[in-house]
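A.B. asks: coords please:
(one chain, ligands or ions: 2)
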Amino acid sequence: MKNKILYGGDYNPEQWLDYPEILERDIELLKEAKINTVTLGMFSWSTLEPKEGVFNFQWLEKVIKTLEENEVNVILGTPSGAKPTWLGNRYEEVRVVRKDGVRELQGNRHNFCTNSKIYREKISIINEKLAQLALKYKNIILWHISNEFGADCHCQLCQEKFRVWLKEKYETIENLNKMWWTTFWSHTYGSFDEINTPMTIGEMSITALDINYRQFMVKNYIDYFNFEKSCIEKVGTNLPFTTNYHGVGNTDMNYREFSKYVDIISYDSYPEWMIKNNLDVAFETSFNFDLMRSTDLKKPFMLMESSPSSTNWQRYSKLKPNNLLEMASLQSVAHSSLSVLYFQIRQSRGSAEKFHGAVIDHSGKSTHRVYNEAKKLGETLDKLDYELKKVKAKVAIYYSWLNKYALERSQGPRNEGMDYYENVLQIYRVLKSMGINIDIVFEDSKLDQYTLVVMPMMYVVEKELADEIKKFVSGGGTIVTTGPIGYVNSDDLCHLGGFPGYLKEVLGIEVDEIDALTNSETGEVCYKGEVYTSKYFNEMITLGKAKSLGTYNKFFYKNQVAISENSYGTGKAYHVGTLLEKKGLYALFGDIFKELSIECAIDNRNLIYSSYLDRHYVFNFGEKSEVFKFKGVEYKLKSLEYIILD
Ligand code: GLA
Ligand code: ZN
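C.D. replies: Numbering: from 1, shown residues only. Ligands and ions are numbered 1, 2, ... in the order given. Modelled structure (predicted):
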């Protein structure tokens, strides 16, 4: 079924109730810009419930009605992202305890305790009322639970829940002690009651404690999300539910897990346009879109927030030059987004976000540049349509939150710059720039639909994951892994009997040692007669059944294996023991693509290509004009120009 793309964003009329003329004018401005959707209710708690038990929903109903008359859809937000002052002040337990042991005072947002009974009771009352209201209006299309989940809490309620959760997982304290290797430094626990969450004033030396706490927090938020959802479902609704995800570079929230519970995957995209190199930023943006939509390939994906111009919280509030807004927005559509939504429709007059970009700025004028850029985009989107289909991708890259937790918390093999996200992104950037669609896969993904799967820095490998990889490769698939690969299990216990643990057979190698390089050192790898630079570390590889494809060209292990290739069943498994820089990656993947007949849709690495619904999008985010060939025809794109081809 084809639908119109949702266009609009977060709208906060509760800030403008004293300005009826502004609210009236907003509707005209929305219509003129072809905006068809707004999100309401996000952060409206103190206007909906100004005093405990005293409610005022009239203003909200009035706005929804007016929007309905003007054919504007509403995404209805629940207000738990920020707690009203009366609530935070009256009930201490709703405020989080930080990892330094201090309980926060009332203020800010995203800082309520998910396990507080009082918070849950209060939100259930307001959610039920919202649900009753929602039954009356046909223009409400989606529930948006809370806002950007993520704060940690170390309060007593959370500590107790954590212990219960651990007990369910490990069953006995002896088992937990074994799995966490607690005899080290004499940290053996006598009972589950002795375990505290990892705090800066307490236990920070057991990596498994920290990993488990991260997983526990994800479960907490999922549980909390489901609780809010159940309050609404009790009243009756047939609308889908979502909650907004944010960039994986900034959060430890495991969205693969979360996507099991939402009906629509929604993502807030705030790339550092104009602050960093735009082309690099664009690849990172594509990576995040691919990652988010891949958290469940069967569910719809939407861009829930983006800025129509600058943000106010990045290092510099850089404006988007003309066309960049359209480019950045269409980029999400090219990655299967069913919407282009902003934070925010109207700029708030005061407080923290008064200088954040908005469709309607403080002047309220429709002649202003950003409004007109948004209006132009409204016209473009009005001509496109949306259909729920799978993105066609033959190549996939692994991403694992568990691996991120473990790798970043482990002391060694390299502490500085062991940035998992950045390193996966580096591989993504190279593959994406070769002109292909890419899916992201996770520990529990099925791989048989792909030709090539790349697994960067997968330090944690459990048996189930290794089994899936073996099945994939023996059945004809190709995998490329990079070091450090398969060192530990999910509790950060090193595999005995040689790395890469369960993957030894399929990769046909053993990794004996790993040498970290300092930031001022570069490694060198000799591959097919050329020398390529690498960084971070070099693994010492002993060949089993695999053959050598490349060797180190420096240090005391010069001429030893750096890249291996193993035939396994009818497929192949490559391993790269170092972090090859771009040139080397292009050489290696260029050959692998050739061997697997993976076609690059375009032939210019300074452009970004994505396809969806048989529309082929090519974007030039760079500063120069670029030429490229698509299906044998040559095209030219100026800087900040894009084209959609059939
Ligand atoms: C987040 C929030 C919004 C707003 C924007 C500003 O994504 O969800 O409420 O604060 O950031 O960029
Ligand atoms: Zn808590």
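A.B. asks: please make it C-alpha for all contacts and neighbour counts, starting now.
C.D. replies: Will do.
A.B. asks: find the nearest non-adjacent residue to Trp273, please.
C.D. replies: Nearest in space to Trp273, with sequence neighbours left out and distances taken as CA to CA, 6 or more residues apart in numbering, is Val281 at 6.4 Å.
A.B. asks: for the stretch 151-300 of the chain, what spans make up the strands?
C.D. replies: 241-242, 244-245, 265-268 (DSSP state E, counting those that start in this stretch).
A.B. asks: of those, which is nearest ligand 2?
C.D. replies: strand 244-245 (21.1 Å; CA to the ion).
A.B. asks: and the closest one, what does it pack onto?
C.D. replies: strand 265-268 (3 or more CA pairs under 8 Å, 6 or more residues apart in numbering; DSSP states H and E).
A.B. asks: partners of the strand it packs on, with directions?
C.D. replies: Partners of strand 265-268 in the sheet, by DSSP bridges, are strand 244-245 (parallel), strand 301-305 (parallel).
A.B. asks: Trp273 reaches Phe283, doesn't it?
C.D. replies: No: contact criterion CA atoms under 8 Å: Trp273 and Phe283 do not qualify, at 11.4 Å.
A.B. asks: more neighbours: which of these two?
C.D. replies: Trp273 (24 against 21; other CA atoms under 10 Å).
A.B. asks: in contact with that one, which residues?
C.D. replies: By CA atoms under 8 Å, 6 or more residues apart in numbering, Trp273 lies in contact with 281, 318, 320.
A.B. asks: let me know the closest of those to Leu588.
C.D. replies: Val281 (24.1 Å; CA to CA).
A.B. asks: what's the neighbour count on the closest one?
C.D. replies: 17.
A.B. asks: swap in Asn3?
C.D. replies: If you count neighbours by other CA under 10 Å, Asn3 ends up with 11.
A.B. asks: repeat that for Ile211.
C.D. replies: Residues near Ile211, counting by other CA under 10 Å, number 22.
A.B. asks: counting neighbours, what do you get for the spatially closest residue to Pro500 that is not a sequence neighbour?
C.D. replies: Spatially, and ignoring its direct neighbours in sequence, Pro500 is nearest to Gly486 (4.1 Å; CA to CA, 6+ apart). Residues contacting Gly486 under the criterion other CA under 10 Å number 24.
A.B. asks: cool, and the one 3 residues further on?
C.D. replies: Asn489 has 19 neighbours, counted by other CA under 10 Å.
A.B. asks: residues contacting it?
C.D. replies: So Asn489 contacts 460-462, 495 (CA under 8 Å, 6+ apart).
A.B. asks: same question, Val460
C.D. replies: 402-403, 406-407, 485-490, 492.
A.B. asks: including secondary structure and distance to Phe241, could those go into a markdown table?
C.D. replies: Shown next, in a markdown table, are these (DSSP: H, G, I helix; E, B strand; the rest coil; distance: CA to CA, whole Å):
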| residue | secondary structure | distance to Phe241 |
| --- | --- | --- |
| Leu402 | helix | 26 |
| Asn403 | helix | 29 |
| Ala406 | helix | 31 |
| Leu407 | helix | 33 |
| Ile485 | coil | 37 |
| Gly486 | coil | 37 |
| Tyr487 | coil | 39 |
| Val488 | strand | 37 |
| Asn489 | coil | 34 |
| Ser490 | coil | 31 |
| Asp492 | coil | 35 |
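A.B. asks: just the closest of the residues you listed to Ile201, please.
C.D. replies: Ala406 (20.7 Å).
A.B. asks: where's the closest residue to Leu388 other than its chain neighbours relative to Asn212, distance?
C.D. replies: In space, not counting the residues next to it along the chain, Leu388 is nearest to Pro300; the distance is 6.4 Å by CA to CA, 6+ apart. From Pro300 over to Asn212 the distance is 30 Å, taken as CA to CA, to the nearest Å.
A.B. asks: more neighbours: which of the two?
C.D. replies: In terms of neighbours (other CA under 10 Å), Asn212 is the more surrounded of Pro300 and Asn212; the figures are 22 against 18.
A.B. asks: picking that back up, residues contacting the residue nearest to Leu388?
C.D. replies: 263-265, 293, 336-338, 388.
A.B. asks: most widely separated two among these?
C.D. replies: Taking CA to CA, no two of the contacts of Pro300 sit farther apart than Asp263 and Ser336, at 15.3 Å.
A.B. asks: which of the two has more neighbours?
C.D. replies: Between Asp263 and Ser336, counted using other CA under 10 Å, the more crowded position is Ser336 (26 against 19).
A.B. asks: so the more buried one touches Val391, yeah?
C.D. replies: Yes: with contact defined as CA under 8 Å, Ser336 counts as touching Val391 (7.1 Å).
A.B. asks: overlap in contacts of these two?
C.D. replies: If you check Ser336 and Val391 against CA under 8 Å, 6+ apart, the residues they both contact are Tyr612.
A.B. asks: the closest residue to Phe162 other than its chain neighbours and ligand 1, how far apart?
C.D. replies: The shortest distance from Phe162 to any non-neighbouring residue, by CA to CA, 6+ apart, is to Phe216 (6.7 Å). According to CA to the nearest ligand atom, to the nearest Å, Phe216 stands 23 Å off from ligand 1.
A.B. asks: state the distance from Phe216 to ligand 2.
C.D. replies: 12 Å (CA to the ion, to the nearest Å).
A.B. asks: run a quick neighbour tally on that residue.
C.D. replies: 18.
A.B. asks: isn't it right next to Glu168, touching?
C.D. replies: No: between Phe216 and Glu168 there is no contact under CA under 8 Å: 11.7 Å.
A.B. asks: in contact with the residue nearest to Pro500, which residues?
C.D. replies: By CA under 8 Å, 6+ apart, the neighbours of Gly486 are 458-461, 495, 499-503.
A.B. asks: let's have these in TSV, adding secondary structure and distance to ligand 2.
C.D. replies: Below are the contacts of Gly486 laid out as TSV (DSSP: H, G, I helix; E, B strand; the rest coil; distance: CA to the ion, whole Å):
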residue	secondary structure	distance to ligand 2
Met458	coil	32
Tyr459	coil	31
Val460	strand	29
Val461	coil	31
His495	coil	35
Phe499	strand	39
Pro500	coil	38
Gly501	helix	37
Tyr502	helix	38
Leu503	helix	39
